[in-house]
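K.L.:
Kindly return the folded structure for what I paste below:
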Amino acid sequence: QVRLVESGGGSVQAGGSLRLSCVVSGVIYNTDCMGWFRQAPGKEREAVANIVYQTGSTAYADSVKGRFTISQGDPKNMLYLQMDSLKSEDTAVYYCTTGPSCGDPQYWGQGTQVTVSS
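P.N.:
This is a model prediction of the structure:
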């Protein structure tokens, strides 16, 4: 059974930074994708960034390119999302995910709230 636990959310003013962390326990395959999704109030859930477990190849939503950085820790079951130059529209619950598909993850964390005030 795969379990994901996020931490690092909170409140910050626009222009500030936050770093989200995620611990993934259980079986992770080399081809699995690890990533972050978010859901703002009244909006659909959207993909933010992802990284392929073995290769480290990354992808970002256009809305966060140049501001957010996804990375793996050592050991690789640690996942991070460094968020800089935060905007009010980044306010959402952020979820850590993993599974064979980057676009449709099999496993989800419980989510962590990020609130950016302008």
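K.L.:
The residue nearest the centre of the chain: what's its closest spatial neighbour, skipping adjacent residues?
P.N.:
Nearest to the mean C-alpha position of the chain, counting by CA atoms, centre = their mean, stands residue 36 at 2.4 Å. Spatial nearest neighbour of residue 36, excluding adjacent residues (CB to CB, 6 or more residues apart in numbering): residue 48 at 4.4 Å. C-beta coordinates here come from the backbone N, C-alpha and C atoms, glycine included.
K.L.:
Just to check, the residue nearest to the centre of the chain is in contact with residue 50?
P.N.:
Yes. Counting by CB atoms under 8 Å, residue 36 does reach residue 50; the two are 7.4 Å apart.
K.L.:
Give the intersection of the neighbour lists for the two.
P.N.:
70, 97 (CB atoms under 8 Å, 6 or more residues apart in numbering).
K.L.:
Just give the closest residue to residue 26, not the sequence neighbours.
P.N.:
Here the residue nearest residue 26, using CB to CB, 6+ apart, is residue 2, at 3.6 Å.
K.L.:
any idea how far that neighbour is from residue 29?
P.N.:
Distance, residue 2 to residue 29, using CB to CB, to the nearest Å: 10 Å.
K.L.:
higher neighbour count, these two?
P.N.:
Legend: neighbour count by other CB atoms under 10 Å for residue 2 and residue 29, higher for residue 2 (15 against 11).
K.L.:
For that one, which residues are in contact?
P.N.:
24-28, 98, 106-107.
K.L.:
The residue nearest to residue 36: neighbour count?
P.N.:
Counted with other CB under 10 Å, residue 48 comes out at 24.
K.L.:
Done for today, thanks.
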